[in-house]
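K.L.:
Next one to model:
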Amino acid sequence: MSEKRSLNTIRNIGIMAHIDAGKTTTTERILYYTGKVHRMGEVDDGAATMDWMAQERERGITITSAAITCYWEKYRINIIDTPGHVDFTAEVERSLRVLDGAVAIFCAVGGVEPQSETVWRQAESYHVPRIAFINKMDRLGADFNLAVESIRTRLGALPVPLQIPIGVEDTFKGVIDLVKMKAISYSDETLGAEFQEYEIPGDLIEKAKKFRATLLETICEYDDNLLEKYLEGKDIADEAIYHAIRSATLKLGIVPVLCGSALKNKGIQQLLNAVVRFLPSPLDVPAVEGINPFINKAEKREASVDAPFSALAFKVMSDPFVGKLVYCRIYSGKIAVGTVVYNANENKKSRIGRILLMSANKREDLKEAFCGEIVALVGLREIKTGHTLCDVKRPIVLETMHFPEPVVTVAIEPKTLADQEKLQAALAYLADEDPTFQVKTNEETAQMIISGMGELHLDILIDRMVREFNVQANIGNPQVAYKETIQKRIQCEGKFVRPAGAKTKGQYAHVILELEPNTGKGFQFVQKITDNEIPKIYFQPIEGAIRDATGSGVVAGYPMIDIKVSLIGGSYDEVESNEMAFRVAASTALRDGAKLAKPALMEPIMTIEVLTPDEYTGEVINYFNSRRGRIKDIISRKDIQVVAGEVPLKSMFGFTTALRSMTQGRASYTMQFSHYEEVASETLQMMSTF
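P.N.:
Residues are numbered from 1 along each chain as shown. Take a look at the predicted model:
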């Protein structure tokens, strides 16, 4: 088989959605129909192939992204099943970074929900073509048209149905293929493995023709030949329609929409057909771009086994049997066991000990791996998520990944002295695996502080620490990760002068800074002076000292964010100035200036959506307001109300229990980080009572 032919038949896809939309269930059906497994694993039974962690099976949710490879006809499909809970959004982020296409799953009842909106934006930022699958068409309250419309209105996408359902809720029995204009029903006796095509029922013909006309009108914009035939009223071959749909999908112009019920084994084979027909192969995506670190020059790597080797490490984890695993997407070239590769980020060389093809937590040894593949490597040291592996003679640094800052912290300490060393090792290991998990020590209290994306995130990590490392620890109550900032533009200066002594050399440094708010843009340092005032060799130490100083604010000691610092003046002494003196002067200037620049304490604000039955809407709204929430919208969906708004994270601790109590367990909510906002002075006292 030729290289071009081989790459054409590879699909690297992700399964992404809001929690409980059916990602893992859909993936289990894909594995069953492709022959990868011989028994469907169910999430509710704790037997799903992709949810292999003990914590995943106990909670019935996906926590870590799992990779697996299966085959559909002549195509090789590499699948990554991603989490749907907002606390594990980093798993989605790093998966989408290395995937070529994605299947976005939406619940036919809920349509576009908050986390599905988040992962959609992540896919948008990486220009990943997507297919939408409207799942759970058999559920009470399912509405295909409403779900499609929510994709259009909430995501700003152009959804184009390729199917429409036959029946709905308990009468859902199949789909109508709008390209072939055939009805499809599935055999319950064979768990949906067998299906039959037949003529469209008479009461659905006009509806099918209307949807088909919309489909053709939309895709004609991407194929001039198809447009000509359509305008002339000529018959259009199915393959011509497929070609136009593929072209429009790869250009991110449309989102093909299919439907079904994964739990009831309906619609999965047609979804697989859509994956291989419409989502890109490694040859269909642009060549990966990076920088040659030695000459600081932009370079590209084509998807070819003949190109120099390059790969991105998108996930690091430890396997109890083989040690450290580094999940990589190979963009170009090939590698074999024993190959020496170059870590361009750390300027380190490592020899590959093993190459593994992963199937969730199962491993298959490979002798070599080629571009377009996703594999796990063993034997690499000092490598982190986002690092680039490449040919030793042709170095390149690919664009890395960026992850959100943690918003919840807890204090942790070992229960016994024997646990001290094990605790530090366990935390270091978990932080190495998870880029959104941070471990710090409070310099004033000497307490160890761990930070994560939410209560569930930290709960899972602590549970893993106990089970995997046998570490016992005392855990504090969750705390909000506050930040500080400034709200006023000011100039400030710092001077460090130490006279020379009998045996000590004098020290001198003087800097003048300008501080100003930098809302939403993080920390920024600008140098506006010449080396006549301060030598260039001190610019970097000055910037470093300022960055270090922002780690502890002047209001309550929290890190400072969104500050622009400009170095606008200063002076030095040819004999007594040194790096340490300028670091002290810069740090002093920043802290003194921040006190005068109207410092403010900032708290994380979350967007929240509560789905509640009609009869509890009033209670939910009242409780929401009592938690300092701001209601943005109330949306009616049949017998359910969606209360959407914003609320401080501090106010949300314990909300799950309260919501269950006031709605008899019938309401649910989703929450995700939105932005930081100043804590109003009149609410500071109120916050302490929650």
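K.L.:
Do I have it right that Ser185 meets Ile166?
P.N.:
Yes: using C-beta atoms under 8 Å, Ser185 is in contact with Ile166, at 7.3 Å. C-beta coordinates here come from the backbone N, C-alpha and C atoms, glycine included.
K.L.:
quick check: mean pLDDT across stretch 396-408?
P.N.:
Averaging pLDDT along stretch 396-408 yields 81.
K.L.:
which of Ser185 and Ile166 has more neighbours?
P.N.:
Under the criterion of other C-beta atoms under 10 Å, the comparison of Ser185 against Ile166 puts Ile166 first, with 21 against 16.
K.L.:
which ones are touching the more buried one?
P.N.:
172-176, 183, 185, 201, 204 (C-beta atoms under 8 Å, 6 or more residues apart in numbering).
K.L.:
Equivalent analysis for Pro414, please.
P.N.:
Counting by C-beta under 8 Å, 6+ apart, Pro414 has contacts 420, 422-423, 471-474.
K.L.:
Now for Ser185 and Ile166: what residues contact both?
P.N.:
The contact sets of Ser185 and Ile166 overlap at 173-174 (C-beta under 8 Å, 6+ apart).
K.L.:
Could you pull up the contacting residues of Asn145?
P.N.:
So Asn145 contacts nothing (C-beta under 8 Å, 6+ apart).
K.L.:
Give me the average confidence score over the longest strand along the chain.
P.N.:
Longest strand in the chain by number of residues (criterion: DSSP state E): strand 599-613. For strand 599-613, mean pLDDT is 86.
K.L.:
And the helices in the stretch 401-550 of the chain?
P.N.:
Ranges of helices in the stretch 401-550 of the chain, per DSSP state H, counting those that start in this stretch, are 417-433, 455-469, 539-549.
K.L.:
Please point out which parts of the last one sit buried.
P.N.:
This points to helix 539-549. Neighbour-count burial for helix 539-549 flags 539, 541-546, 549 (criterion: 16 or more other C-beta atoms under 10 Å).
K.L.:
Next SSE downstream of that helix?
P.N.:
If you walk from helix 539-549 toward the C-terminus, the next helix or strand you reach (DSSP states H and E) is strand 563-571.
K.L.:
and that next one, how far out from the chain's middle?
P.N.:
Relative to the chain's own centre, strand 563-571 is displaced by 36 Å; criterion: C-alpha atoms, centre = their mean, to the nearest Å.
K.L.:
That strand - contacts with which helices or strands?
P.N.:
Packed against strand 563-571 by the contact rule (3 or more C-beta pairs under 8 Å, 6 or more residues apart in numbering; DSSP states H and E) you find strand 490-498, strand 507-517, strand 524-527, helix 539-549, helix 579-596.
K.L.:
Please dump those into JSON lines; it should also carry distance to Ile374 and mean pLDDT for every row.
P.N.:
Output for the helices and strands packed on strand 563-571, formatted as JSON lines (distance: least, C-beta to C-beta, whole Å; pLDDT from 0 to 100):
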{"stretch": "strand 490-498", "distance to Ile374": "51", "mean pLDDT": "93"}
{"stretch": "strand 507-517", "distance to Ile374": "43", "mean pLDDT": "93"}
{"stretch": "strand 524-527", "distance to Ile374": "36", "mean pLDDT": "91"}
{"stretch": "helix 539-549", "distance to Ile374": "36", "mean pLDDT": "92"}
{"stretch": "helix 579-596", "distance to Ile374": "44", "mean pLDDT": "94"}
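K.L.:
of all those, which lies closest to Ala369?
P.N.:
helix 539-549 (39.2 Å; C-beta to C-beta).
K.L.:
What lies in contact with the closest one?
P.N.:
The contact list for helix 539-549 (C-beta under 8 Å, 6+ apart) reads 511, 513, 523, 525, 527, 534, 565, 567, 579, 582-584, 586-587, 590-591.
K.L.:
Which among these count as buried?
P.N.:
If you count burial by 16+ other C-beta under 10 Å, the buried members of the contacts of helix 539-549 come out as 511, 513, 523, 525, 527, 534, 565, 567, 582-584, 586-587, 590-591.
K.L.:
quick one: the closest residue to Lys251 other than its chain neighbours from Gly192, how far?
P.N.:
Closest residue to Lys251 apart from its sequence neighbours, by C-beta to C-beta, 6 or more residues apart in numbering: Tyr222 at 6.7 Å. According to C-beta to C-beta, to the nearest Å, Tyr222 and Gly192 sit 32 Å apart.
K.L.:
what's the answer for Leu649, then?
P.N.:
According to C-beta to C-beta, Leu649 and Gly192 sit 43 Å apart.
K.L.:
swap in Arg152?
P.N.:
Per C-beta to C-beta, Arg152 is found 29 Å from Gly192.
K.L.:
if you count what's nearby, which of these two comes out ahead?
P.N.:
The residue with more neighbours, out of Arg152 and Gly192, is Gly192; 23 against 13, by other C-beta under 10 Å.
K.L.:
and Leu146, which of the helices of the stretch 401-550 of the chain is closest to it?
P.N.:
Minimum separation from Leu146 across the helices of the stretch 401-550 of the chain (C-beta to C-beta) falls at helix 455-469, 29.1 Å.
K.L.:
Report the angle between the closest one and helix 417-433.
P.N.:
Counting by axes from the mean of the first three to the mean of the last three C-alpha atoms, to 10 degrees, helix 455-469 lies at 120 degrees to helix 417-433.
K.L.:
Phe624: which of the buried residues of helix 539-549 is nearest?
P.N.:
Closest to Phe624, out of all of the buried residues of helix 539-549 and judged by C-beta to C-beta, is Ala549, at 38.7 Å.
K.L.:
Between which two of the contacts of Pro414 is the distance greatest?
P.N.:
Across the contacts of Pro414, the longest distance by C-beta to C-beta is 14.2 Å; it joins Lys422 and Asn474.
K.L.:
Tell me which of these two has more neighbours.
P.N.:
Lys422 (17 against 10).
K.L.:
And that one, how close does it get to Phe469?
P.N.:
Separation of Lys422 from Phe469 (C-beta to C-beta): 6 Å.
K.L.:
ok, now Ala500?
P.N.:
In terms of C-beta to C-beta, Ala500 sits 53 Å off from Phe469.
K.L.:
ok so, going back, CA atoms only for the longest strand of the chain, dumped as PDB, please.
P.N.:
Extracted C-alpha coordinates of strand 599-613, given in PDB (Å, rounded to 0.1, in the frame of the first residue of the first chain):
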ATOM      1  CA  PRO A 599      -5.500  47.600  44.300                       C
ATOM      2  CA  ALA A 600      -8.500  45.300  44.200                       C
ATOM      3  CA  LEU A 601      -9.300  41.800  45.200                       C
ATOM      4  CA  MET A 602     -10.700  39.700  42.300                       C
ATOM      5  CA  GLU A 603     -12.900  36.600  42.500                       C
ATOM      6  CA  PRO A 604     -13.700  34.000  39.900                       C
ATOM      7  CA  ILE A 605     -17.200  34.400  38.300                       C
ATOM      8  CA  MET A 606     -18.900  31.300  36.900                       C
ATOM      9  CA  THR A 607     -21.500  31.000  34.200                       C
ATOM     10  CA  ILE A 608     -24.300  28.600  35.400                       C
ATOM     11  CA  GLU A 609     -27.300  26.900  33.900                       C
ATOM     12  CA  VAL A 610     -29.900  25.300  36.100                       C
ATOM     13  CA  LEU A 611     -32.400  22.900  34.400                       C
ATOM     14  CA  THR A 612     -35.400  22.600  36.700                       C
ATOM     15  CA  PRO A 613     -39.000  21.400  36.400                       C
END
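K.L.:
Packing partners of it?
P.N.:
In terms of contacts (3+ C-beta pairs under 8 Å, 6+ apart), strand 599-613 is packed against strand 483-486, helix 617-626, strand 640-648, strand 668-678.
K.L.:
tilt between the second one and strand 599-613?
P.N.:
Angle between the axes of helix 617-626 and strand 599-613 is 170 degrees (criterion: the same axes, to 10 degrees).
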